[in-house]
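**Q** 3D model of this:
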Amino acid sequence: MHFKVRCHILMLTAGVFIGSCIPIPGSSSKEPGAAPWKPPIDRPDGFDFKKNCGVDVQEDTNNPLYTQMLQSQNIVSEGQLGNFSYRVEAAASLDIQSTKGASKSTVDVKLNKVIDKSTNSAPLQKFILLIGAKITTNARAGTTESTAIPSGEWLKLTGGSTPEWKDLLCVVSASRTHKISGKAGNHTITFSPGLANAVNPMASAEQYQKELGSGRTLNVVAMANKNPRSYKGTVTFKPVSPTAVFTDPLTNEQRNVQADTAWEVTTQFEKGDKQIENITNSTTFYVNHTKRRFEAIVQRNTALEKPEPPVVLLPTN
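**A** The predicted model follows:
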């Protein structure tokens with residue numbers, strides 16, 4: 001029994017949005033009097049974007065910067081809907097395509113088996129749809145289009161006037177809005193000054209150290225749709241062990257991950273708006289700085305009342 005849900009996401013489940021906030025020479029925000037962009041050093045020609053950020057700022061903005069396919073380990077979830085107890089086996093895949101100006105990630109979630117535990121058979125279709133919605137929510141299914149903070153505004157924000165954002169450049173980028181559509185409906189979330197819950201796998205280990213050091217916490221305010229109430233949140237970056245062992249819950253196959261660095265990014269918002277609460281999550285990025293790619297992405301949806309198993313995404317090659 002196979003049920004497939006295809007979800008196109010412009011930011012990875014946890015917000016991989018490579019290059020959107022990397023300034024392009026001569027660019028600036030649309031605000032009057034905004035200064036043109038300059039590299040964040042005394043000698044403009046001395047900062048090597050290709051080496052430090054993984055981006056050649058002179059290249060065509062439409063050229064792909066980063067592509068990667070990842071496949072999840074099997075996802076096994078057990079739960080209850082009313083008097084109905086179920087077990088579901090699922091899998092997810094992730095296709096990341098990024099340019100300087102945008103990222104497009106395609107997430108496929110496939111329910112391989114749904115079992116009514118009381119009868120050991122497939123449940124009614126209505127329950128399958130409910131379970132599928134729950135699993136795809138845990139895997140961050142849906143479509144998210146993100147608008148980056150204009151480069152001039154980004155450089156002003158990270159130029160030192162706001163200490164917590166000081167010196168960020170290309171390891172972490174931020175978006176101003178999320179336009180989200182899916183089975184849960186369509187809505188827009190606006191962030192101030194921006195939501196930065198992504199890391200750039202193209203950046204060097206040295207640049208990670210310069211920007212994130214031993215950890216960093218950013219404050220953010222979110223507003224959903226036309227609701228005038230704002231909700232406070234934080235995004236915390238914390239270095240964790242770059243080695244891990246993940247065991248598939250169905251096959252018991254073990255996957256050893258050995259990355260150069262790993263970063264746990266925890267996004268937390270106060271309660272009161274379900275759309276904003278759904279951004280709450282904890283994601284760990286395992287970065288190979290030599291190959292400039294993710295060796296694993298592990299996502300935990302901490303917004304759910306009952307914790308679901310983490311989604312472990314691993315490279316397909």
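**Q** so how far is Ala205 from Asp260?
**A** 6 Å (Cβ to Cβ, to the nearest Å). C-beta: built from backbone N, CA, C; applies to glycine.
**Q** Tyr86 too?
**A** Taking Cβ to Cβ, one finds Tyr86 at 44 Å from Ala205.
**Q** any low-confidence regions in this structure?
**A** The chain contains residues with pLDDT under 70 at 1-45, 57-62, 99-106, 123-143, 182-185, 304-306.
**Q** now with 80?
**A** 1-46, 55-65, 79-84, 95-109, 118-148, 150-151, 160-161, 179-185, 301-308 (pLDDT under 80).
**Q** still on that earlier bit, between Tyr86 and Ala205, point out the one with more neighbours.
**A** Taking other Cβ atoms under 10 Å, Tyr86 and Ala205 do not tie; Tyr86 has more neighbours (21 against 13).
**Q** After the helix or strand containing the more buried one, which helix or strand is next?
**A** In the assignment (DSSP states H and E), Tyr86 maps to strand 84-98. Using DSSP H and E, the helix or strand that follows strand 84-98 in sequence is strand 103-116.
**Q** Can I get that following strand as PDB, trimmed to CA atoms?
**A** C-alpha atoms of strand 103-116 as PDB (Å, rounded to 0.1, in the frame of the first residue of the first chain):
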ATOM      1  CA  SER A 103      16.600  27.800  -3.000                       C
ATOM      2  CA  LYS A 104      14.100  25.100  -4.100                       C
ATOM      3  CA  SER A 105      13.800  21.900  -2.200                       C
ATOM      4  CA  THR A 106      11.400  19.100  -3.100                       C
ATOM      5  CA  VAL A 107      10.200  16.900  -0.300                       C
ATOM      6  CA  ASP A 108       8.400  13.600  -1.100                       C
ATOM      7  CA  VAL A 109       6.700  11.800   1.800                       C
ATOM      8  CA  LYS A 110       5.500   8.300   1.000                       C
ATOM      9  CA  LEU A 111       3.400   6.200   3.400                       C
ATOM     10  CA  ASN A 112       4.600   2.600   2.700                       C
ATOM     11  CA  LYS A 113       2.300   0.900   5.100                       C
ATOM     12  CA  VAL A 114      -0.600   1.900   7.400                       C
ATOM     13  CA  ILE A 115      -1.900  -0.700   9.800                       C
ATOM     14  CA  ASP A 116      -4.900  -0.800  12.100                       C
END
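**Q** orientation of that strand relative to strand 84-98 in degrees?
**A** With axes from the mean of the first three to the mean of the last three Cα atoms, to 10 degrees applied, the angle from strand 103-116 to strand 84-98 works out at 160 degrees.
**Q** Distance from strand 103-116 to the middle of the chain?
**A** 17 Å (Cα atoms, centre = their mean, to the nearest Å).
**Q** Pop out the phi and psi values for the residue located most distally from the centre of the chain.
**A** In the chain, Thr119 marks the outermost C-alpha relative to the chain mean, sitting 38.3 Å out by Cα atoms, centre = their mean. Backbone geometry at Thr119, expressed as degrees, to the nearest 10, gives phi -110, psi -10.
**Q** contacting residues around the nearest residue to Thr290 once chain neighbours are set aside?
**A** Among residues not flanking Thr290 along the chain, Asp260 sits closest, at 6.9 Å (Cβ to Cβ, 6 or more residues apart in numbering). By Cβ atoms under 8 Å, 6 or more residues apart in numbering, Asp260 lies in contact with 205, 242, 287-290.
**Q** So which of those belong to strands?
**A** Those of those mapping onto strands are 287-288, per DSSP state E.
**Q** Quick check on the contacts of Asp260: which are buried?
**A** Buried by 16 or more other Cβ atoms under 10 Å: 242, 287-289, out of the contacts of Asp260.
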